[in-house]
Structure formats: C-alpha cells, structure tokens
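Visitor: From the sequence below, what's the structure:
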Amino acid sequence: MNANERIKRLREHLGISQEKLGETIGLSKSGISSIENGNRSVTEKHIKLISTCFNVNENWLRTGAGDMFNPMSEDEELDLYIGRISGSDDNFKKNLLKALCKLTEDEWDVLKKIISEMKEG
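Guide: Model prediction:
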C-alpha cells in the first residue's frame with residue numbers, strides 16, 4: 001500500500017468526504033480523488049497537513065509502519081472529536097453535544113444510571 005492508498009484508508013477510517021479532507025488541506029474534491037486514485041502525487045505539504053490536522057503518524061502515512069495515529073491523552077482525543085463535530089454539518093451531533101454540556105451534576109447521575117441499566121438488559 002502506498003501513501004495515496006493510505007490517504008484513502010485514513011479518510012474512510014475518519015468517515016469524512018473527499019471534499020472535507022480537501023478543504024482541510026487546501027485541495028478540491030477532485031484533487032483528493034486524483035491522489036486516492038494514484039493520478040496525483042502526494043506532496044510533502046499534503047503529508048505535513050494531514051499529519052498535523054488529523055494527528056496522523058507521519059511515518060505511517062509515508063511508509064505504512066507503525067500505528068495510523070499518534071498517541072493522545074484523553075483530553076486531546078476529546079478535543080479532536082469535538083472539533084470534528086463542531087466543524088461538521090450534522091446538527092444532531094452538535095445539538096447533542098450542546099445538550100450534554102448543559103447537564104447538571106444530578107442530570108449526569110441520572111444519565112449514568114440509565115446507561116448502566118441499558119448495559120444490564
């Protein structure tokens with residue numbers, strides 16, 4: 001698997017469109033398509049931007065060695081997920097996050113109890 005194929009695999013793993021990946025690294029949807037199909041070379045700039053923006057292991061992106069992502073703390077991982085949701089067009093996800101952020105401690109306890117009971121069933 002070459003870098004072009006790894007970019008496609010990464011994009012699919014992240015669940016983002018060619019258009020979204022392109023917006024992030026400054027390419028059009030057709031530019032990403034050309035990279036994924038092997039009709040366009042992956043540049044140093046693309047590798048650096050993808051690695052930085054998506055916390056991708058640069059060595060994996062270049063060679064396939066190692067893990068796809070760099071290790072992150074729980075807080076860094078949460079920041080990344082929230083950033084992806086806030087940058088998306090999915091209003092359900094945004095509204096769910098907003099609702100969760102407004103919960104009181106008592107409401108969190110109720111939610112924990114509901115989820116706990118769901119696991120038992």
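Visitor: What lies in contact with the helix or strand hosting Leu21?
Guide: Here Leu21 sits within helix 18-25, counting by DSSP states H and E. Counting contacts by CB atoms under 8 Å, 6 or more residues apart in numbering, the residues outside helix 18-25 that touch it are 7, 11, 27-29, 31-33, 36, 45-46, 49-50, 53-54. Every residue, glycine included, has its C-beta placed from N, CA and C.
Visitor: Am I right that Asn70 is in contact with Asn57?
Guide: Yes: under the criterion of CB atoms under 8 Å, Asn70 makes contact with Asn57 at 5.3 Å.
Visitor: pLDDT score assigned to Ser17?
Guide: At Ser17, the pLDDT value in this model is 93.
Visitor: The closest residue to it other than its chain neighbours: what's it in contact with?
Guide: By the measure of CB to CB, 6 or more residues apart in numbering, the closest residue to Ser17 outside its immediate chain neighbours is Lys29, 7.5 Å from it. Contact analysis of Lys29 by CB under 8 Å, 6+ apart lists 17-19, 22.
Visitor: Just the closest of these to Thr104, please.
Guide: The closest of the contacts of Lys29 to Thr104 turns out to be Ser17 (CB to CB; 36.9 Å).
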